[in-house]
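Novice: Pasting the sequence and the predicted model now:
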Amino acid sequence: MCALQLGYVKLWAKILIFYAIFYTVLAGLFTICIQGLFSTLNETEPKWKLDKSLIGTNPGMGYRPLSDETERGSVIQFDTKKPEEAQYWIQLLDDFLKQYQGEGKGGKHCEFNQTHKPEDVCVVDVEKFETCSPANSYGYKNGRPCVFLKLNKIFDWNPQYYDDPKEFPDDMPVELKTYINSLPANELQQVWVSCNGTNAQDRESLGDIKYFPGQGFPAFYYPYINQPGYLSPLIAVQFEKLPISHMVNVECRAWAKNIIYSGSARDRMGSVTFQLVID
C-alpha cells in the first residue's frame, strides 16, 4: 500500500514538474514575442499611415458644440428668452475650448509671413474668434450662435491647396472664390471652408455668415506629426440672422484638392451637417 502511494506521489511530482517547465517555456516564448512586437512600434508615429492605414487620407470634419445627449442629435436649439438654454451650449463650448486656453498656449504664434518647421506647434488663438470668443458667450446670448469647425487629425497628412483661381472647382461657392481672390499671395495656402443651407429654403433662411479668424485652416498647422501640445486648428462660424422658430439645416464643407467630398447622408465625406433652431 505504501509503495502504491509512493508511486502516485512520484507520478504527480513528474506531472507538476512537466507543467511547470512547459508553462515557464511558454511564458518565455510569449515574452519574447511581445518584446519583438514592441520593438517594431514607434512611440511617435504609427507603423501604418495615410493610404496604408484604416483611417486613410481623407480627413473627416467635426463641429462643436456637440451635445452628449443622444436625443438632441445634431440639433443646436435654444430660446434667447431662457438664459439657461443658451448657457447649456455656452458651457459645452467652454469645456471644449479649455484645452486651447491651457496647454495650447505653450506653442508658437504663427503667421503667414513666417518660416515654419514641420515640428512647430502653432497656437490656436481664442482671442481671434472676436464675436465668437468666450467673452462674448459665443453669440448665444444675443441669438447669433457660433459653431466651431475642425478637421480630424491624420498623421503626416499634407493638404493640396486650391491656391490658383484657374483651378477652382465649378461647385465652389462664388462667395468663397471672391474671398480667396481678395487675399495676398502668401495667404493662399489654406484648407478653405464654406457653410450653406442644405437646400434652397435653408439657403434663403440662413442669413449672413461670418468666419473667424478667417475662412480657412492655414498651412502652418500641417502636417500633424504627433507634436507634443498640438491642437487641431478651429474656425468659428457665426450665424447672424437666423429665423425664429424655424429649423435651418446647415452643411459646412472643407475644400482641398485631396479632400474627397460626398454629401450623401449615408456616406458623408469632407463635410459636416447640423441644424440650428432659435425659439
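Specialist: Nice, thanks for sending it over.
Novice: how does the protein divide into domains?
Specialist: As given by automatic domain parsing, the domain ranges for the chain are 1-41, 50-278.
Novice: got those domains as a markdown table, with mean pLDDT columns?
Specialist: Shown next, in a markdown table, are the domains of the chain (pLDDT from 0 to 100):
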| stretch | mean pLDDT |
| --- | --- |
| domain 1-41 | 73 |
| domain 50-278 | 93 |
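Novice: tell me the most buried of those domains?
Specialist: Most buried of these by mean neighbour count (mean count of other CB atoms under 10 Å) is domain 50-278; its value is a mean of 16. (Glycine included, C-beta is placed from N, CA and C.)
Novice: I'd like the distance between the nearest residue to residue 253 once chain neighbours are set aside and residue 171.
Specialist: In this structure, residue 253 finds its nearest non-sequential neighbour in residue 271, 4.1 Å apart by CB to CB, 6 or more residues apart in numbering. As judged by CB to CB, to the nearest Å, residue 271 and residue 171 stand 12 Å apart.
Novice: Also residue 36?
Specialist: 50 Å.
Novice: quick one on the thing from earlier: so the residue nearest to residue 253 is in contact with residue 259, correct?
Specialist: No: using CB atoms under 8 Å, residue 271 is not in contact with residue 259, being 9.2 Å away.
Novice: Specify the beta-bridge partners of the residue nearest to residue 198 when sequence neighbours are not counted.
Specialist: With sequence-adjacent residues excluded and distances taken as CB to CB, 6+ apart, residue 198 is closest to residue 249, at 4.2 Å. Counting by DSSP bridges, residue 249 forms beta bridges with residue 275.
Novice: my guess is residue 249 meets residue 200, correct?
Specialist: No: with contacts counted by CB under 8 Å, residue 249 stays clear of residue 200, the gap being 11.3 Å.
Novice: Tell me who's in contact with the residue nearest the centre of the chain.
Specialist: Residue closest to the mean C-alpha point of the chain, counted by CA atoms, centre = their mean, is residue 152 at 3.2 Å. Applying CB atoms under 8 Å, 6 or more residues apart in numbering to residue 152 gives the contacts 59, 60, 61, 62, 232.
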